[in-house]
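Novice: Sequence unavailable; structure follows:
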(Lines give C-alpha, C1' and ligand atoms only; values in the text may rest on other atoms or scores of the structure.)
Protein backbone atom coordinates (compact mmCIF):
# COMPACT_ATOMS: atom_id res chain seq x y z
CA UNK A 1 0.00 0.00 0.00
CA UNK A 2 2.88 2.33 0.81
CA UNK A 3 4.33 1.79 -2.64
CA UNK A 4 0.98 2.42 -4.21
CA UNK A 5 0.53 5.63 -2.29
CA UNK A 6 4.02 6.75 -3.25
CA UNK A 7 3.33 5.89 -6.86
CA UNK A 8 0.12 7.82 -6.79
CA UNK A 9 1.74 10.87 -5.24
CA UNK A 10 4.53 10.70 -7.78
CA UNK A 11 2.37 10.32 -10.82
CA UNK A 12 -0.75 12.26 -9.90
CA UNK A 13 0.63 15.73 -10.68
CA UNK A 14 2.24 14.54 -13.93
CA UNK A 15 -0.94 12.80 -14.84
CA UNK A 16 -2.91 15.90 -14.13
CA UNK A 17 -0.65 17.98 -16.28
CA UNK A 18 -0.87 15.50 -19.17
CA UNK A 19 -4.56 15.26 -18.83
CA UNK A 20 -4.82 19.01 -18.85
CA UNK A 21 -2.62 19.21 -21.90
CA UNK A 22 -4.49 16.39 -23.59
CA UNK A 23 -7.79 18.11 -23.26
CA UNK A 24 -9.11 19.89 -26.24
CA UNK A 25 -10.93 23.16 -25.92
CA UNK A 26 -14.19 21.21 -25.70
CA UNK A 27 -13.02 19.48 -22.48
CA UNK A 28 -13.98 15.82 -22.19
CA UNK A 29 -14.49 14.00 -25.48
CA UNK A 30 -17.96 13.21 -24.14
CA UNK A 31 -18.80 16.90 -24.26
CA UNK A 32 -17.74 17.44 -27.87
CA UNK A 33 -21.07 18.29 -29.46
CA UNK A 34 -19.61 17.98 -32.95
CA UNK A 35 -19.45 14.21 -32.56
CA UNK A 36 -23.09 13.83 -31.46
CA UNK A 37 -24.81 13.63 -34.87
CA UNK A 38 -22.44 10.92 -36.02
CA UNK A 39 -22.83 8.91 -32.80
CA UNK A 40 -26.61 9.19 -32.86
CA UNK A 41 -26.79 8.36 -36.56
CA UNK A 42 -24.73 5.19 -36.23
CA UNK A 43 -26.41 4.25 -32.99
CA UNK A 44 -29.81 4.42 -34.71
CA UNK A 45 -28.55 2.33 -37.61
CA UNK A 46 -26.78 -0.35 -35.57
CA UNK A 47 -29.46 -0.59 -32.92
CA UNK A 48 -32.25 -0.73 -35.49
CA UNK A 49 -30.46 -3.56 -37.25
CA UNK A 50 -30.00 -5.33 -33.93
CA UNK A 51 -33.65 -4.81 -33.07
CA UNK A 52 -34.78 -6.18 -36.43
CA UNK A 53 -32.42 -9.12 -36.08
CA UNK A 54 -33.72 -9.90 -32.59
CA UNK A 55 -37.35 -9.33 -33.50
CA UNK A 56 -37.46 -11.24 -36.78
CA UNK A 57 -34.81 -13.89 -36.33
CA UNK A 58 -33.66 -14.59 -32.78
CA UNK A 59 -36.83 -14.39 -30.74
CA UNK A 60 -39.11 -16.47 -32.99
CA UNK A 61 -36.51 -19.18 -33.42
CA UNK A 62 -35.34 -19.26 -29.81
CA UNK A 63 -38.90 -19.08 -28.56
CA UNK A 64 -39.91 -21.95 -30.83
CA UNK A 65 -36.96 -24.06 -29.72
CA UNK A 66 -37.62 -23.43 -26.05
CA UNK A 67 -41.35 -24.04 -26.52
CA UNK A 68 -40.62 -27.24 -28.40
CA UNK A 69 -38.35 -28.44 -25.65
CA UNK A 70 -40.91 -27.57 -22.99
CA UNK A 71 -43.57 -29.48 -24.92
CA UNK A 72 -41.25 -32.43 -25.39
CA UNK A 73 -40.38 -32.50 -21.70
CA UNK A 74 -44.00 -32.26 -20.62
CA UNK A 75 -44.97 -34.93 -23.16
CA UNK A 76 -42.21 -37.16 -21.90
CA UNK A 77 -43.31 -36.60 -18.33
CA UNK A 78 -46.89 -37.43 -19.34
CA UNK A 79 -45.72 -40.57 -21.10
CA UNK A 80 -43.68 -41.57 -18.08
CA UNK A 81 -46.70 -40.95 -15.83
CA UNK A 82 -48.91 -43.06 -18.07
CA UNK A 83 -46.37 -45.86 -18.16
CA UNK A 84 -46.02 -45.65 -14.41
CA UNK A 85 -49.81 -45.97 -13.93
CA UNK A 86 -49.85 -48.85 -16.38
CA UNK A 87 -47.03 -50.56 -14.54
CA UNK A 88 -48.80 -50.04 -11.22
CA UNK A 89 -51.98 -51.54 -12.68
CA UNK A 90 -50.08 -54.51 -13.99
CA UNK A 91 -48.39 -54.99 -10.64
CA UNK A 92 -51.78 -54.83 -8.92
CA UNK A 93 -53.23 -57.36 -11.36
CA UNK A 94 -50.20 -59.58 -10.87
CA UNK A 95 -50.61 -59.40 -7.08
CA UNK A 96 -54.30 -60.23 -7.40
CA UNK A 97 -53.57 -63.13 -9.66
CA UNK A 98 -50.87 -64.31 -7.33
CA UNK A 99 -53.28 -64.14 -4.39
CA UNK A 100 -56.02 -66.02 -6.21
CA UNK A 101 -53.56 -68.60 -7.48
CA UNK A 102 -52.19 -69.22 -4.04
CA UNK A 103 -55.72 -69.49 -2.67
CA UNK A 104 -56.59 -71.94 -5.40
CA UNK A 105 -53.52 -74.02 -4.74
CA UNK A 106 -54.30 -74.01 -1.03
CA UNK A 107 -57.79 -75.28 -1.81
CA UNK A 108 -56.36 -77.94 -4.06
CA UNK A 109 -53.94 -79.00 -1.36
CA UNK A 110 -56.69 -79.13 1.29
CA UNK A 111 -59.05 -80.99 -1.00
CA UNK A 112 -56.52 -83.53 -2.07
CA UNK A 113 -55.43 -84.02 1.52
CA UNK A 114 -59.02 -84.66 2.46
CA UNK A 115 -59.56 -86.96 -0.48
CA UNK A 116 -56.42 -88.82 0.39
CA UNK A 117 -57.49 -89.20 4.02
CA UNK A 118 -60.94 -90.38 2.94
CA UNK A 119 -59.45 -92.86 0.59
CA UNK A 120 -57.12 -94.08 3.29
CA UNK A 121 -60.05 -94.42 5.66
CA UNK A 122 -62.09 -96.48 3.23
CA UNK A 123 -59.09 -98.62 2.42
CA UNK A 124 -58.54 -99.23 6.10
CA UNK A 125 -62.19 -100.09 6.60
CA UNK A 126 -62.24 -102.41 3.66
CA UNK A 127 -59.12 -104.15 4.81
CA UNK A 128 -60.45 -104.47 8.33
CA UNK A 129 -63.64 -106.00 7.06
CA UNK A 130 -61.69 -108.34 4.87
CA UNK A 131 -59.44 -109.32 7.72
CA UNK A 132 -62.40 -109.76 10.05
CA UNK A 133 -64.24 -111.94 7.58
CA UNK A 134 -61.09 -113.93 6.97
CA UNK A 135 -60.66 -114.39 10.71
CA UNK A 136 -64.28 -115.46 11.21
CA UNK A 137 -64.07 -117.75 8.24
CA UNK A 138 -60.93 -119.30 9.56
CA UNK A 139 -62.48 -119.65 12.98
CA UNK A 140 -65.50 -121.36 11.43
CA UNK A 141 -63.22 -123.63 9.45
CA UNK A 142 -61.25 -124.46 12.57
CA UNK A 143 -64.47 -125.17 14.44
CA UNK A 144 -65.79 -127.41 11.69
CA UNK A 145 -62.47 -129.19 11.54
CA UNK A 146 -62.62 -129.61 15.29
CA UNK A 147 -66.10 -131.07 15.10
CA UNK A 148 -65.06 -133.31 12.30
CA UNK A 149 -61.99 -134.44 14.16
CA UNK A 150 -64.03 -135.09 17.24
CA UNK A 151 -66.42 -137.25 15.27
CA UNK A 152 -63.57 -139.01 13.58
CA UNK A 153 -61.86 -139.57 16.88
CA UNK A 154 -65.11 -140.92 18.30
CA UNK A 155 -65.63 -143.13 15.31
CA UNK A 156 -62.08 -144.36 15.51
CA UNK A 157 -62.49 -144.96 19.19
CA UNK A 158 -65.69 -146.85 18.54
CA UNK A 159 -64.06 -148.90 15.88
CA UNK A 160 -61.09 -149.58 18.11
CA UNK A 161 -63.28 -150.46 21.06
CA UNK A 162 -65.38 -152.71 18.85
CA UNK A 163 -62.31 -154.39 17.52
CA UNK A 164 -60.81 -154.91 20.96
CA UNK A 165 -64.09 -156.13 22.43
CA UNK A 166 -64.77 -158.48 19.52
CA UNK A 167 -61.54 -160.27 20.36
CA UNK A 168 -62.64 -161.07 23.79
CA UNK A 169 -66.37 -161.38 23.55
CA UNK A 170 -68.82 -162.45 20.96
CA UNK A 171 -71.34 -159.96 21.76
CA UNK A 172 -70.43 -156.69 20.19
CA UNK A 173 -71.76 -153.69 22.05
CA UNK A 174 -73.71 -151.12 20.12
CA UNK A 175 -72.43 -147.73 19.47
CA UNK A 176 -74.75 -146.15 21.97
CA UNK A 177 -73.49 -148.42 24.73
CA UNK A 178 -69.93 -147.64 24.01
CA UNK A 179 -70.72 -143.99 23.86
CA UNK A 180 -72.42 -144.15 27.19
CA UNK A 181 -69.42 -145.87 28.72
CA UNK A 182 -66.96 -143.45 27.21
CA UNK A 183 -68.79 -140.46 28.47
CA UNK B 1 0.50 16.11 -28.59
CA UNK B 2 -0.42 14.92 -25.15
CA UNK B 3 -3.09 12.74 -26.71
CA UNK B 4 -0.32 10.40 -27.79
CA UNK B 5 0.82 9.96 -24.21
CA UNK B 6 0.25 6.36 -23.12
CA UNK B 7 -1.02 7.32 -19.69
CA UNK B 8 -3.60 9.88 -20.69
CA UNK B 9 -6.76 8.29 -19.24
CA UNK B 10 -9.08 10.41 -21.34
CA UNK B 11 -7.45 9.54 -24.65
CA UNK B 12 -9.37 6.29 -24.89
CA UNK B 13 -12.66 8.16 -25.05
CA UNK B 14 -11.68 10.37 -27.94
CA UNK B 15 -13.60 9.96 -31.13
CA UNK B 16 -11.64 9.82 -34.34
CA UNK B 17 -13.02 9.70 -37.83
CA UNK B 18 -12.49 6.61 -39.93
CA UNK B 19 -14.51 7.72 -42.96
CA UNK B 20 -15.67 11.29 -43.44
CA UNK B 21 -19.36 11.27 -44.32
CA UNK B 22 -21.54 14.36 -44.55
CA UNK B 23 -25.24 14.40 -45.11
CA UNK B 24 -26.85 17.77 -45.75
CA UNK B 25 -24.10 19.59 -43.94
CA UNK B 26 -24.35 17.33 -40.89
CA UNK B 27 -21.24 15.40 -39.96
CA UNK B 28 -22.23 11.72 -39.72
CA UNK B 29 -18.73 10.35 -40.21
CA UNK B 30 -18.03 6.70 -39.51
CA UNK B 31 -15.89 6.94 -36.37
CA UNK B 32 -14.26 4.51 -33.97
CA UNK B 33 -17.43 4.81 -31.92
CA UNK B 34 -19.50 3.70 -34.92
CA UNK B 35 -17.05 0.87 -35.52
CA UNK B 36 -17.52 -0.49 -32.02
CA UNK B 37 -21.29 -0.16 -32.30
CA UNK B 38 -20.95 -2.37 -35.38
CA UNK B 39 -18.74 -4.72 -33.36
CA UNK B 40 -21.38 -4.99 -30.63
CA UNK B 41 -23.98 -5.68 -33.29
CA UNK B 42 -21.72 -8.26 -34.92
CA UNK B 43 -20.95 -9.94 -31.60
CA UNK B 44 -24.64 -10.25 -30.75
CA UNK B 45 -25.41 -11.54 -34.23
CA UNK B 46 -22.53 -14.02 -34.04
CA UNK B 47 -23.72 -15.33 -30.69
CA UNK B 48 -27.23 -15.96 -31.95
CA UNK B 49 -26.39 -17.10 -35.47
CA UNK B 50 -23.96 -19.68 -34.11
CA UNK B 51 -26.22 -20.48 -31.17
CA UNK B 52 -29.22 -21.02 -33.42
CA UNK B 53 -27.46 -22.76 -36.30
CA UNK B 54 -28.41 -26.13 -34.91
CA UNK B 55 -31.75 -25.94 -33.17
CA UNK B 56 -31.69 -29.03 -31.05
CA UNK B 57 -33.68 -30.24 -28.11
CA UNK B 58 -30.47 -30.83 -26.20
CA UNK B 59 -28.52 -27.58 -26.72
CA UNK B 60 -24.80 -27.27 -27.31
CA UNK B 61 -22.75 -24.58 -25.56
CA UNK B 62 -23.49 -21.69 -27.87
CA UNK B 63 -27.17 -22.55 -28.02
CA UNK B 64 -27.13 -22.82 -24.24
CA UNK B 65 -25.62 -19.35 -24.02
CA UNK B 66 -28.16 -17.79 -26.34
CA UNK B 67 -31.04 -19.52 -24.57
CA UNK B 68 -29.64 -18.49 -21.23
CA UNK B 69 -29.63 -14.81 -22.23
CA UNK B 70 -33.10 -15.17 -23.74
CA UNK B 71 -34.50 -16.74 -20.59
CA UNK B 72 -32.68 -14.25 -18.38
CA UNK B 73 -34.30 -11.26 -20.07
CA UNK B 74 -37.64 -13.01 -20.55
CA UNK B 75 -37.81 -13.86 -16.85
CA UNK B 76 -36.76 -10.34 -15.88
CA UNK B 77 -39.50 -8.87 -18.05
CA UNK B 78 -42.10 -11.33 -16.76
CA UNK B 79 -41.15 -10.72 -13.12
CA UNK B 80 -41.13 -6.94 -13.45
CA UNK B 81 -43.92 -6.26 -15.93
CA UNK B 82 -45.94 -9.47 -16.27
CA UNK B 83 -47.53 -10.84 -19.41
CA UNK B 84 -48.34 -7.36 -20.75
CA UNK B 85 -44.62 -6.82 -21.24
CA UNK B 86 -44.31 -9.48 -23.95
CA UNK B 87 -44.78 -6.92 -26.73
CA UNK B 88 -41.70 -5.03 -25.56
CA UNK B 89 -39.49 -8.10 -25.26
CA UNK B 90 -37.61 -7.60 -28.56
CA UNK B 91 -36.64 -4.08 -27.52
CA UNK B 92 -35.62 -5.04 -23.97
CA UNK B 93 -33.65 -8.02 -25.23
CA UNK B 94 -31.88 -5.96 -27.92
CA UNK B 95 -31.16 -3.22 -25.39
CA UNK B 96 -29.55 -5.63 -22.96
CA UNK B 97 -27.47 -7.42 -25.58
CA UNK B 98 -26.28 -4.15 -27.13
CA UNK B 99 -25.25 -2.52 -23.85
CA UNK B 100 -23.77 -5.78 -22.58
CA UNK B 101 -21.55 -6.22 -25.62
CA UNK B 102 -20.63 -2.51 -25.77
CA UNK B 103 -19.52 -2.67 -22.13
CA UNK B 104 -17.61 -5.89 -22.59
CA UNK B 105 -15.88 -5.04 -25.84
CA UNK B 106 -14.78 -1.79 -24.19
CA UNK B 107 -12.88 -3.78 -21.57
CA UNK B 108 -10.46 -5.12 -24.17
CA UNK B 109 -7.36 -2.90 -24.26
CA UNK B 110 -7.11 -0.43 -27.17
CA UNK B 111 -10.82 -0.63 -27.83
CA UNK B 112 -13.47 2.03 -27.53
CA UNK B 113 -16.40 1.91 -25.12
CA UNK B 114 -19.52 3.11 -26.90
CA UNK B 115 -21.48 3.35 -23.66
CA UNK B 116 -18.93 5.66 -22.06
CA UNK B 117 -20.38 8.51 -24.09
CA UNK B 118 -23.26 10.27 -22.45
CA UNK B 119 -24.95 11.02 -25.74
CA UNK B 120 -25.30 7.29 -26.48
CA UNK B 121 -26.68 6.36 -23.09
CA UNK B 122 -28.85 9.46 -23.09
CA UNK B 123 -30.23 8.51 -26.50
CA UNK B 124 -31.32 5.18 -25.03
CA UNK B 125 -32.63 6.71 -21.82
CA UNK B 126 -34.45 9.49 -23.68
CA UNK B 127 -36.02 7.02 -26.09
CA UNK B 128 -37.13 4.86 -23.17
CA UNK B 129 -38.47 7.89 -21.28
CA UNK B 130 -40.49 9.15 -24.25
CA UNK B 131 -41.72 5.65 -25.14
CA UNK B 132 -42.72 4.89 -21.55
CA UNK B 133 -44.57 8.19 -21.24
CA UNK B 134 -46.45 7.58 -24.51
CA UNK B 135 -47.26 3.98 -23.50
CA UNK B 136 -48.46 5.24 -20.12
CA UNK B 137 -50.87 7.76 -21.64
CA UNK B 138 -52.04 5.38 -24.39
CA UNK B 139 -52.76 2.55 -21.98
CA UNK B 140 -54.23 4.58 -19.11
CA UNK B 141 -55.36 7.86 -20.67
CA UNK B 142 -55.18 10.75 -18.27
CA UNK B 143 -55.29 8.20 -15.45
CA UNK B 144 -51.56 7.89 -16.01
CA UNK B 145 -51.18 11.17 -14.12
CA UNK B 146 -51.95 9.15 -10.98
CA UNK B 147 -48.29 8.16 -10.83
CA UNK B 148 -47.60 11.72 -9.63
CA UNK B 149 -50.02 11.29 -6.74
CA UNK B 150 -49.61 7.86 -5.13
CA UNK B 151 -52.75 6.49 -3.49
CA UNK B 152 -52.99 6.66 0.29
CA UNK B 153 -51.33 10.07 0.57
CA UNK B 154 -53.39 12.68 2.49
CA UNK B 155 -54.64 15.50 0.27
CA UNK B 156 -52.83 18.23 2.21
CA UNK B 157 -49.52 16.59 1.32
CA UNK B 158 -50.32 16.77 -2.38
CA UNK B 159 -48.65 20.16 -2.99
CA UNK B 160 -45.47 18.66 -1.58
CA UNK B 161 -45.64 15.15 -3.06
CA UNK B 162 -46.75 15.97 -6.58
CA UNK B 163 -43.81 18.28 -7.44
CA UNK B 164 -41.39 15.75 -5.94
CA UNK B 165 -42.91 12.97 -8.00
CA UNK B 166 -42.80 15.08 -11.15
CA UNK B 167 -39.15 15.96 -10.61
CA UNK B 168 -38.26 12.34 -9.87
CA UNK B 169 -40.13 11.27 -13.00
CA UNK B 170 -38.35 13.81 -15.18
CA UNK B 171 -34.96 12.94 -13.71
CA UNK B 172 -35.34 9.26 -14.61
CA UNK B 173 -33.71 9.53 -18.05
CA UNK B 174 -30.86 11.59 -16.62
CA UNK B 175 -30.11 9.19 -13.78
CA UNK B 176 -30.47 6.23 -16.11
CA UNK B 177 -28.05 7.56 -18.71
CA UNK B 178 -25.55 9.13 -16.31
CA UNK B 179 -25.36 5.95 -14.22
CA UNK B 180 -24.23 3.81 -17.14
CA UNK B 181 -21.99 6.42 -18.74
CA UNK B 182 -20.30 7.43 -15.49
CA UNK B 183 -19.65 3.83 -14.52
CA UNK B 184 -17.98 3.13 -17.83
CA UNK B 185 -16.08 6.41 -17.86
CA UNK B 186 -14.79 6.11 -14.31
CA UNK B 187 -13.97 2.42 -14.53
CA UNK B 188 -12.05 2.70 -17.75
CA UNK B 189 -10.21 5.82 -16.58
CA UNK B 190 -9.06 4.11 -13.41
CA UNK B 191 -7.95 1.05 -15.38
CA UNK B 192 -5.95 3.30 -17.68
CA UNK B 193 -4.40 5.25 -14.81
CA UNK B 194 -3.25 2.09 -13.08
CA UNK B 195 -2.00 0.64 -16.34
CA UNK B 196 0.00 3.85 -16.66
CA UNK B 197 1.48 3.31 -13.17
CA UNK B 198 2.78 -0.08 -14.25
CA UNK B 199 4.68 1.49 -17.13
CA UNK B 200 6.01 4.36 -15.05
CA UNK B 201 7.18 2.33 -12.08
CA UNK B 202 9.17 -0.16 -14.12
CA UNK B 203 10.29 -2.95 -11.82
CA UNK B 204 7.99 -1.80 -9.00
CA UNK B 205 5.12 -1.95 -11.44
CA UNK B 206 4.03 -5.35 -10.15
CA UNK B 207 2.16 -3.66 -7.28
CA UNK B 208 -0.25 -1.70 -9.49
CA UNK B 209 -0.35 -4.74 -11.80
CA UNK B 210 -1.84 -6.85 -9.01
CA UNK B 211 -4.25 -4.05 -8.27
CA UNK B 212 -5.11 -3.76 -11.96
CA UNK B 213 -5.96 -7.44 -12.19
CA UNK B 214 -8.35 -7.15 -9.26
CA UNK B 215 -9.78 -3.94 -10.66
CA UNK B 216 -10.24 -5.56 -14.04
CA UNK B 217 -12.27 -8.34 -12.46
CA UNK B 218 -14.37 -5.69 -10.75
CA UNK B 219 -14.84 -3.82 -14.03
CA UNK B 220 -15.94 -7.04 -15.71
CA UNK B 221 -18.56 -7.42 -13.02
CA UNK B 222 -19.60 -3.79 -13.44
CA UNK B 223 -19.88 -4.16 -17.22
CA UNK B 224 -22.40 -6.96 -16.78
CA UNK B 225 -24.07 -5.36 -13.80
CA UNK B 226 -24.63 -2.00 -15.48
CA UNK B 227 -26.18 -3.66 -18.52
CA UNK B 228 -28.44 -5.54 -16.13
CA UNK B 229 -29.32 -2.41 -14.13
CA UNK B 230 -30.09 -0.41 -17.25
CA UNK B 231 -32.37 -3.17 -18.51
CA UNK B 232 -34.14 -3.86 -15.25
CA UNK B 233 -34.78 -0.13 -14.68
CA UNK B 234 -36.28 0.03 -18.16
CA UNK B 235 -38.54 -2.85 -17.16
CA UNK B 236 -39.51 -1.05 -13.95
CA UNK B 237 -40.35 2.15 -15.83
CA UNK B 238 -42.35 0.12 -18.31
CA UNK B 239 -44.22 -1.51 -15.46
CA UNK B 240 -45.01 1.93 -13.99
CA UNK B 241 -46.44 2.94 -17.36
CA UNK B 242 -48.56 -0.20 -17.68
CA UNK B 243 -49.70 -0.37 -14.05
CA UNK B 244 -49.58 3.17 -12.60
CA UNK B 245 -51.54 2.10 -9.52
CA UNK B 246 -48.78 -0.07 -8.12
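Specialist: Structure's in. What do you need? Being a predicted model, the structure only gives us computed values, none of them experimental. Numbering: from 1, shown residues only, chains lettered A, B, ... in the order given.
Novice: Could you list the low-pLDDT ranges of the chain?
Specialist: I went with chain A, as the question did not name one. For chain A, the stretches with pLDDT under 70 are A:1-26.
Novice: oops, I was thinking of chain B
Specialist: Using pLDDT under 70, the flagged stretches of chain B are B:1-7, B:246.
Novice: Residue A:41 against residue B:28, yeah?
Specialist: Yes: assessed by Cβ atoms under 8 Å, residue A:41 is found in contact with residue B:28 at 4.2 Å. For every residue, glycine as well, the C-beta is placed using N, CA and C.
Novice: So which residues of chain A form helices?
Specialist: Secondary structure of chain A, counting by DSSP state H: helices at A:2-22, A:36-53, A:59-168, A:175-182.
Novice: For chain B, tell me whether the longest one is touching it.
Specialist: If I follow you right, that is helix A:59-168. Yes: shown here: helix A:59-168 in contact with chain B (Cβ under 8 Å from any Cβ of the partner chain) through A:59, A:61, A:62, A:63, A:64, A:65, A:66, A:68, A:69, A:72.
Novice: Please enumerate the helices of chain B.
Specialist: Under DSSP H, chain B gives helices at B:32-51, B:61-80, B:89-105, B:118-140, B:158-170, B:172-201, B:206-242.
Novice: Now render those helices as a markdown table, adding distance to chain A.
Specialist: Shown next, in a markdown table, are these (distance: least, Cβ to the nearest Cβ, whole Å):
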| stretch | distance to chain A |
| --- | --- |
| helix B:32-51 | 4 |
| helix B:61-80 | 5 |
| helix B:89-105 | 4 |
| helix B:118-140 | 5 |
| helix B:158-170 | 21 |
| helix B:172-201 | 5 |
| helix B:206-242 | 5 |
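Novice: By neighbour count, which of the residues of helix A:59-168 next to chain B wins?
Specialist: Counting neighbours by other Cβ atoms under 10 Å in any protein chain shown, the top entry in those is residue A:62, with 23 neighbours.
Novice: Which residues are in contact with it?
Specialist: Residues in contact with residue A:62 (Cβ atoms under 8 Å, 6 or more residues apart in numbering or on different chains) are B:48, B:52, B:66, B:67, B:70.
Novice: ok, now with 10 Å
Specialist: A:54, B:48, B:51-52, B:55, B:63, B:66-67, B:69-71, B:74, B:93 (Cβ atoms under 10 Å, 6 or more residues apart in numbering or on different chains).
Novice: State the distance from it to residue A:146.
Specialist: 123 Å (Cβ to Cβ, to the nearest Å).
Novice: circling back to that earlier point, any chance of a ChimeraX selection covering the buried ones in the contacts of residue A:62?
Specialist: A single ChimeraX command selects the buried members of these (16 or more other Cβ atoms under 10 Å in any protein chain shown):
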select /A:54 /B:48,51,52,63,66,67,69,70,74,93
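Novice: so who does residue B:226 touch?
Specialist: Here residue B:226 is in contact with B:99, B:100, B:103, B:115, B:121, B:179, B:180, B:181, B:182, B:183, B:184, B:187 (Cβ under 10 Å, 6+ apart).
Novice: and with 6 Å instead?
Specialist: With contacts defined as Cβ atoms under 6 Å, 6 or more residues apart in numbering or on different chains, residue B:226 is in contact with B:180, B:183.
Novice: now the residue sitting furthest away from the middle of chain B: how far from residue B:162?
Specialist: Computed with Cα atoms, centre = their mean, the residue of chain B farthest from its C-alpha average is residue B:156, at 39.3 Å. Counting by Cβ to Cβ, the separation of residue B:156 from residue B:162 is 12 Å.
Novice: Using CSV, lay out the helices of chain B together with distance to residue B:22.
Specialist: Shown next, in CSV, are the helices of chain B (distance: least, Cβ to Cβ, whole Å):
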stretch, distance to residue B:22
helix B:32-51, 14
helix B:61-80, 38
helix B:89-105, 26
helix B:118-140, 19
helix B:158-170, 35
helix B:172-201, 27
helix B:206-242, 32
